[in-house]
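J.: Below is the structure, and that's it, no one-letter string:
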């Protein structure tokens, strides 16, 4: 499948940058002419991925988050969110609904479940001490 456009940006793991990442991605994806619900789904999934980096990847310090988005012919969108943080020792366990390494009074443990519900495919790879990569894909259906 042929890529038609791509963007890559890197930002610090500050909570204010979660909104920035959603807005920047939405501006980039506008060229693919997604429906409002499609765009809302993608923005929600990206919000969860970026928030995971902010909260879990860099719990004691600031670190870099990289977001890459590509648009392919046929309406396929692929988004990758990468950090160089603490990593996830057991990705399978981390993807279970309600599992969290954060404070359970503050975190629901639903980040990956939310990503999976809004995107067609979510792939997570991680190495403890080296970081995590979340790749999400969604096919934009033609407007009716």
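T.: The structure has been received and is ready for your questions. None of these values were measured; they are calculated from a predicted model.

J.: make it CA atoms for all contacts and neighbour counts henceforth
T.: Will do.

J.: separation between residue 69 and residue 116?
T.: Between residue 69 and residue 116 the computed distance is 17 Å (Cα to Cα, to the nearest Å).

J.: Please say which of those two ends up with more neighbours.
T.: residue 69 (20 against 17; other Cα atoms under 10 Å).

J.: who touches the more buried one in this structure?
T.: Applying Cα atoms under 8 Å, 6 or more residues apart in numbering to residue 69 gives the contacts 6-8, 25, 77-80.

J.: The longest helix along the chain packs against which elements?
T.: The longest helix of the chain (DSSP state H) is helix 36-52. On a contact count with 3 or more Cα pairs under 8 Å, 6 or more residues apart in numbering; DSSP states H and E, helix 36-52 meets helix 16-29, strand 76-83, helix 111-118.

J.: buried set for the last one?
T.: Residues 111-116, 118 are the ones in helix 111-118 that count as buried (16 or more other Cα atoms under 10 Å).

J.: quick one: which of the helices and strands packed on helix 36-52 is nearest residue 134?
T.: strand 76-83 (5.2 Å; Cα to Cα).

J.: Give me the three-state assignment for the residue lying closest to residue 129 once chain neighbours are set aside.
T.: Nearest non-adjacent residue to residue 129, counting by Cα to Cα, 6 or more residues apart in numbering: residue 86, 4.5 Å away. Following DSSP: H, G, I helix; E, B strand; the rest coil, residue 86 is assigned to coil.

J.: can you check residue 135 too?
T.: Looking at residue 135 with three-state DSSP, the answer is strand.

J.: so how many other residues sit close to it?
T.: 20.

J.: List the contacts of it.
T.: Contacts of residue 135 by Cα under 8 Å, 6+ apart are 78-81, 122-124.
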